[in-house]
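>>> All I have is the shape, not the residue letters:
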């Protein structure tokens, strides 16, 4: 695709929209429970609440859906500061720790759990982190429009060919075009609208209000 945001929308779709859904857990519950006796005492609801636990932490790739974007915001703000020469490389760790304390209420005890946890900056991928947030917002838009056409994902995952139908829809709407269209043009063609954060906000409100009452 023409946009890393498009690429990330696919990984975030399967990781969060599918992988953290109750329907996915219900489909694979027997396999979870067959892992051993310790797994058998937990219900689908227990696993669902575990996989969707909201808890501020230090590690981006372990973050829940609600706090994840604070991790991205911290990195984005530091990247801008570095590019604009508002901060020196030697000052990044201190600034990182201050932002984690301010935004998430946690403080790294070492560099491995702090500023050195990602590979991106060391490989020169400046500005990449924001594509994770773009992709996350878009993943929920894919969900919304897919369900309008194919029905609830919860029902699709119960069907024998449900995953193939989901894959086929994504292929029709995006994969087949490769790099033919720009990010904005593809969204207009496939979804009929621009990137819209309202879908993500409603998804988070609906999902987590039901979990946490």
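Nice, I can see it. Nothing here was measured: the structure is a model prediction, and the numbers come from that model.
>>> can you pull the contacts of residue 97?
107, 108, 114, 115 (CB atoms under 8 Å, 6 or more residues apart in numbering). C-beta here means a position set from N, CA and C on the backbone, and glycine is covered the same way.
>>> Give the ChimeraX command for selecting the buried subset of those residues.
Per 16 or more other CB atoms under 10 Å, the buried members of the contacts of residue 97 correspond to this ChimeraX selection:
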select :108,114,115
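>>> mind putting the contacts of residue 97 in JSON lines, pLDDT included?
Below are the contacts of residue 97 laid out as JSON lines (pLDDT from 0 to 100):
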{"residue": "107", "pLDDT": "98"}
{"residue": "108", "pLDDT": "97"}
{"residue": "114", "pLDDT": "98"}
{"residue": "115", "pLDDT": "98"}
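>>> can you redo the contacts of residue 97 as a markdown table with distance to residue 174 and secondary structure?
Below are these laid out as a markdown table (distance: CB to CB, whole Å; DSSP: H, G, I helix; E, B strand; the rest coil):
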| residue | distance to residue 174 | secondary structure |
| --- | --- | --- |
| 107 | 40 | coil |
| 108 | 37 | coil |
| 114 | 36 | coil |
| 115 | 34 | coil |
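>>> residue ranges with poor pLDDT in this structure?
1 (pLDDT under 70).
>>> Repeat the analysis, applying 90 as the threshold.
Under the criterion pLDDT under 90, the flagged ranges of the chain are 1-2, 28, 30-34, 36-38, 213.
>>> Tell me which stretches of the protein form helices.
Along the chain, counting by DSSP state H, helices occupy 4-12, 22-33, 37-40, 44-51, 68-83, 92-104, 130-150, 153-156, 162-173, 183-190, 197-212.
>>> Out of those helices, which is closest to residue 57?
helix 92-104 (7.4 Å; CB to CB).
>>> Tell me the buried residues in the closest one?
So for helix 92-104, counting by 16+ other CB under 10 Å, buried means 92, 95, 96, 97, 99, 100, 103, 104.
>>> thinking again about what came up before, quick one: the helices of the chain as JSON lines, columns for distance to residue 62 too.
What follows is these, written out as JSON lines (distance: least, CB to CB, whole Å):
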{"stretch": "helix 4-12", "distance to residue 62": "15"}
{"stretch": "helix 22-33", "distance to residue 62": "18"}
{"stretch": "helix 37-40", "distance to residue 62": "20"}
{"stretch": "helix 44-51", "distance to residue 62": "12"}
{"stretch": "helix 68-83", "distance to residue 62": "10"}
{"stretch": "helix 92-104", "distance to residue 62": "12"}
{"stretch": "helix 130-150", "distance to residue 62": "14"}
{"stretch": "helix 153-156", "distance to residue 62": "24"}
{"stretch": "helix 162-173", "distance to residue 62": "25"}
{"stretch": "helix 183-190", "distance to residue 62": "28"}
{"stretch": "helix 197-212", "distance to residue 62": "17"}
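>>> related to what we said a few turns ago, between the buried residues of helix 92-104, which sits nearest residue 193?
So of these, ranked by how close each gets to residue 193 (CB to CB), first place is residue 103, at 30.1 Å.
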